[in-house]
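Peer 1: I would like to see how this sequence folds:
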Amino acid sequence: MIRTFLDAGVLIAAFRSRNAASTPALTLLDDPERVFVTTDYVRLEVLPKPLYFRRETEAEFYEAFFAAAELVEVSQALVSAAFEEARQAGLAAMDALHVAAAKRASVDEFITVEHPTKPVFRVAGLTVRTLESVY
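Peer 2: Purely as a prediction, here's the structure:
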């Protein structure tokens with residue numbers, strides 16, 4: 001099994017079928033060879049607005065992902081590790097939290113919709129791939 005951490009953009013792309021990234025994102029989510037790893041930080045990025053605006057189908061889509069995924073526990077130690085990742089690679093706060101969680105869970109891949117020029121691709125010790133490079 002391929003342990004995979006998805007950034008929030010991949011989940012959003014999967015739900016939004018009007019988006020060029022939606023087909024590869026949905027293919028990725030349906031891959032039986034993958035185990036998905038996530039955190040409450042990703043949940044915080046994708047769920048509040050659909051819940052607030054009562055977009056029930058979208059909220060259910062995300063909740064199904066979270067119910068099936070392995071959850072990395074949020075902790076002060078994780079935040080400290082994220083700070084160090086941010087300092088070393090010039091990451092934004094949320095990206096640093098995702099990277100630290102992915103590393104803590106020993107994932108095989110971190111998949112993002114970000115461009116390869118973004119700081120997340122400078123992270124050492126983590127295989128970071130664009131969604132387009134996967135499918």
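
Peer 1: how confident was the prediction at residue 96?
Peer 2: Residue-level confidence at residue 96 comes out at 98, pLDDT.

Peer 1: give me the neighbour count for it.
Peer 2: A total of 25 residues lie near residue 96 under the criterion other Cβ atoms under 10 Å. To be clear about C-beta, it is placed using only N, CA and C from the backbone, and glycine gets the same treatment.

Peer 1: and the contacts of the helix or strand residue 13 falls within?
Peer 2: Using DSSP states H and E, the element containing residue 13 is helix 8-15. Contacts with helix 8-15, where a contact means Cβ atoms under 8 Å, 6 or more residues apart in numbering, come from 19, 21-22, 24-26, 28-29, 42, 45-46, 58, 61-62, 65, 94, 111-114, 131.

Peer 1: for stretch 74-81, same thing?
Peer 2: If you take Cβ under 8 Å, 6+ apart as the criterion, stretch 74-81 is touched by 39-41, 72, 97, 100-101, 103-104.
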